[in-house]
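> give me a 3D structure for the following:
(2 chains)
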Amino acid sequence: MLWSKLFIPTLREDPAEAEVASHRLLLRAGYIRQLSAGLYSYLFLAQRSLLKIQAIVREEMNAIGGQEMHLPALHPAEIWQESGRWDIMGDNMFRLKDRFGRDLCLGMTHEEIMTAVARGELRSYKHLPQIWYQIQTKFRDEQRPKSGLLRVRQFLMKDSYSFDIDQAGLDAAYDSHYKTYCRIFDRCGLKYMPVEAHSGAMGGSQSHEFMVISDAGEDFVAVCKDCGYSANLEKAVSKPSTPGIADPEGDLAPEEFHTPGRKTIAEVSAFTKLPETSQMKSLVMVADGKPVLVLLRGDHQLSETKFGAIVSDPEFRTARPDEILAWFGAEAGSLGPVGVKNMPILADQALAGRRNMIAGANKDDYHLRNVTLGEDFEAEMHDLRQVGAGDECLRCDGKLDVCKTVEVGHIFKLGYKYSENMGLRVLGADGKELTPIMGSYGIGIERVLTCAIELYHDKDGMVLPASIAPFQVVVTPANCSDAAQSQAARTIYEGCLALGLDTLLDDRDERPGVKFKDADLIGIPFRIVIGKKLGSGMVELVDRKTKQTVDVAVAEAAAAVAGRLG
RNA sequence: CGGGGCGUAGCGCAGCCUGGUAGCGCACCUGCCUUGGGCGCAGGGGGUCGCCAGUUCGAAUCUGGCCGCCCCGACCA
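The predicted structure follows:
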């Protein structure tokens, strides 16, 4: 295509509101423009790149028997009420009413709709298995859209759904999606890692996320460099580090001591000259309207995801100061488990086997020493702790790292939640009704592009993988008013097209510097420059990533690019 | 939703404190010039100063309210 005819509004300066690299470059390179918070127009370049990503996704989904569909984005409330998610989704779902006052919503995902299609039509086990997918716009009323295309209110998702007669079938569908996702992200040129994930509001058992390591991300993942264990921090497990010093021996009785003004773990640690690992941290939570006392080792953090799963109330909260005072007779900072009778006590496994620790005395400015779980109080033991960097891997004793990541894909074994709630049944070979088991599998299309930019950029702009770049090569005559250069550029451009390359001809009447800067900014992998060397029949082939330049003959330029693209 | 910041031309910003003509750079248009990393010269177009109200002879500037956007936190298939 001819650059002079295209709308590619590049900016010389960085837009003020863009912080993360991908956001800044998408705006500067003329890929996107913002309409409103979390709503972006995808201009020509972005659309080309997104279409390439979608084409890769389609090819790979079709290769495992996926059948593409197109479903409504506007859904009646009833269908979400049937699955129970009308209430669960809360404010994250866009809701509206039609002219008759009927409740509708904009789809955040399509489990309900796919299941509704299936239950109307799938009658026999012979119809299974099925993999259905779509690549469509999803809507989420995010509390805080941010970071350009990373967290938006309207975005493209490939979501597929598998229907199988039994667990083995689901396992196979899950496994083939896992492998397909690896192929898709490989082809898109991403560096990514599959990690064990928490299945969240989707429900279901097994789940993996496909994560790209990036400071722009919002998810934290624990990774073991030695054995490859990796899991979302919401779910990750580890061996706690060894306590700073061994516990005092013996069957000692709790003993009160004065700790004036020492409220935090760190303050009590400094005051007692004992490491934080010698303390019990007491947190007061409110779940289902009732208080719960949570105990952790002093240096550990509560995993809210794990806690929420145990109390099965996603709406739990921390207790207010007035509630704490009423229940404990003391303020936060002097709380402990000894003598607590009016609420359940949940203790983290890291406290098992520990003896004679420090805890709050439930009396302002006092703590207890020699507190032992199982002797001085009883508690339910659970895994409540959030893994921290430096913890030991449970599988191999290696050290765990914690990385910031962006989620580009997520696969779930849904189980029977939707088929059961929504009445999807087929007849089995034995003539009895059976409930199909489902899986659901998503890919954030824009996030593939965003992550590629986060991973691959330099001071001059994007360095996109050729498979998802809007064009593969740009042909740049240095001086358009030079007829020979223009003519040679045209010839090479047509040669590239003839070889099936996505080619851009920069025929703009601009100075060479402008064209070079723009080409670098929008991230086209190769550039053929026609300049003064044309006199000796040569042009330059420039690699965007390495900036390395080689001279090639005019007649061979197109083939040289094609060769490099493989 | 809590905390912070910002709203002046398409983009980046100054002016506001101390009220009186709306400015700069880039981009854009015309002409000349130039042609290997965002050239140069000359001329030109473009802004209800986020919105509403108030104070004042007079408001981009002071006061109040509202709206929008960004960042941190909380939240998040």
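> now chain A against RNA strand B: closest residue?
As assessed by Cβ to the nearest atom of the strand, RNA strand B sits closest to A:Gly531 within chain A, at 1.4 Å. All C-beta spots, glycine's among them, are computed from the backbone N, C-alpha and C.
> now the helices for chain A?
According to DSSP state H, chain A carries its helices in the segments A:21-28, A:44-63, A:77-83, A:85-88, A:111-121, A:167-187, A:265-272, A:304-311, A:321-328, A:417-421, A:445-455, A:483-498, A:512-522, A:557-565.
> who are the packing partners of the shortest one?
In terms of contacts (3 or more Cβ pairs under 8 Å, 6 or more residues apart in numbering; DSSP states H and E), helix A:85-88 is packed against helix A:77-83.
> is the most centrally placed residue in chain A bridged to anything, and to what?
Centroid-nearest residue in chain A, with Cα atoms, centre = their mean: A:Glu407, separated by 1.8 Å. The partner list for A:Glu407 in beta bridges (DSSP bridges) reads A:Met211.
> who's in contact with it?
With contacts defined as Cβ atoms under 8 Å, 6 or more residues apart in numbering, A:Glu407 is in contact with A:Glu209, A:Phe210, A:Met211, A:Gly217, A:Asp219, A:Gly444, A:Arg447.
> what's the closest of these to A:His70?
A:His70 has its nearest neighbour among the contacts of A:Glu407 in A:Gly444, at 18.6 Å by Cβ to Cβ.
> would you check that the closest one makes contact with A:Arg151?
No - with contacts counted by Cβ atoms under 8 Å, A:Gly444 stays clear of A:Arg151, the gap being 10.1 Å.
> neighbour count winner among these two?
Taking other Cβ atoms under 10 Å, A:Gly444 and A:Arg151 do not tie; A:Gly444 has more neighbours (24 against 19).
> follow-up on the earlier one: can you count the residues close to the residue of chain A closest to RNA strand B?
Counted with other Cβ under 10 Å, residues neighbouring A:Gly531 total 17.
> quick one: pLDDT of it?
The confidence metric pLDDT takes the value 95 at A:Gly531.
> and the nearest residue to it once chain neighbours are set aside, what does it touch?
Using Cβ to Cβ, 6 or more residues apart in numbering and skipping the chain neighbours, the partner closest in space to A:Gly531 is A:Ala478 (4.0 Å). Under the criterion of Cβ under 8 Å, 6+ apart, the contact partners of A:Ala478 comprise A:Gln485, A:Pro512, A:Lys515, A:Val529, A:Ile530, A:Gly531, A:Lys532.
> any idea how far the third one is from A:Thr272?
Right, A:Lys515. Note on A:Lys515: its distance to A:Thr272, by Cβ to Cβ, to the nearest Å, is 69 Å.
> and those two? Which one has more around it.
Taking A:Lys515 and A:Thr272 together and counting by other Cβ under 10 Å, A:Lys515 has the greater number of neighbours (21 against 16).
> surely the more buried one touches A:Arg508?
Yes - taking Cβ under 8 Å as the contact criterion, A:Lys515 and A:Arg508 are neighbours in contact, 6.7 Å apart.
> could you chop chain A up by domain?
Structural domains of chain A, as assigned by automatic domain parsing, span the residue ranges A:31-189+A:409-453, A:255-385, A:473-565.
> ok, which pair from the contacts of A:Ala478 is furthest apart?
Among these, the pair separated by the greatest distance (Cβ to Cβ) is A:Lys515 and A:Lys532, at 15.2 Å.
> surely A:Ala384 and A:Leu346 touch.
Slight slip there: residue A:384 is Leu, not Ala. Yes - the pair A:Leu384 and A:Leu346 passes the contact test of Cβ under 8 Å, sitting 6.4 Å apart.
> overlap in contacts, those two.
By Cβ under 8 Å, 6+ apart, A:Leu384 and A:Leu346 have these common neighbours: A:Val294, A:Phe307, A:Ile310.
> out of the residues you listed, who's nearest A:Asp175?
Taking Cβ to Cβ as the measure, A:Asp175 sits nearest to A:Ile310 out of these, at 29.8 Å.
> contacts only, for that closest one.
With Cβ under 8 Å, 6+ apart, A:Ile310 has these contacts: A:Leu346, A:His382, A:Leu384.
> from those residues, which land in strands?
A:Leu346, A:His382 (DSSP state E).
> pLDDT weak spots in chain A?
Along chain A, the model assigns pLDDT under 70 to residues A:199-204, A:314.
> run the last query once more with 80
Counting by pLDDT under 80, chain A contains low-confidence residues at A:198-205, A:288, A:309, A:311-317, A:320-321.
> dump the contacts of A:Glu407 to CSV, plus distance to RNA strand B.
Shown next, in CSV, are the contacts of A:Glu407 (distance: Cβ to the nearest atom of the strand, whole Å):
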residue, distance to RNA strand B
A:Glu209, 9
A:Phe210, 11
A:Met211, 13
A:Gly217, 10
A:Asp219, 7
A:Gly444, 6
A:Arg447, 9
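> among the residues you listed, which ones are buried?
A:Glu209, A:Phe210, A:Met211, A:Gly217, A:Asp219, A:Gly444, A:Arg447 (16 or more other Cβ atoms under 10 Å).
> test my guess that the first one contacts A:Met193.
No - in this structure A:Glu209 lies outside contact range of A:Met193 using Cβ under 8 Å: 9.1 Å.
> what separation do you get for A:Glu392 and A:Asp164?
Using Cβ to Cβ, one gets 38 Å for the distance from A:Glu392 to A:Asp164.
> typo on my end, it should be A:Tyr493
Shown here: A:Tyr493 relative to A:Asp164, a distance of 50 Å by Cβ to Cβ.
> repeat that for A:Met538.
For A:Met538, the distance to A:Asp164 under the criterion Cβ to Cβ works out to 60 Å.
> that older thread, the more surrounded of A:Glu392 and A:Asp164?
For A:Glu392 versus A:Asp164, the count of surrounding residues by other Cβ under 10 Å is larger for A:Asp164: 21 against 16.
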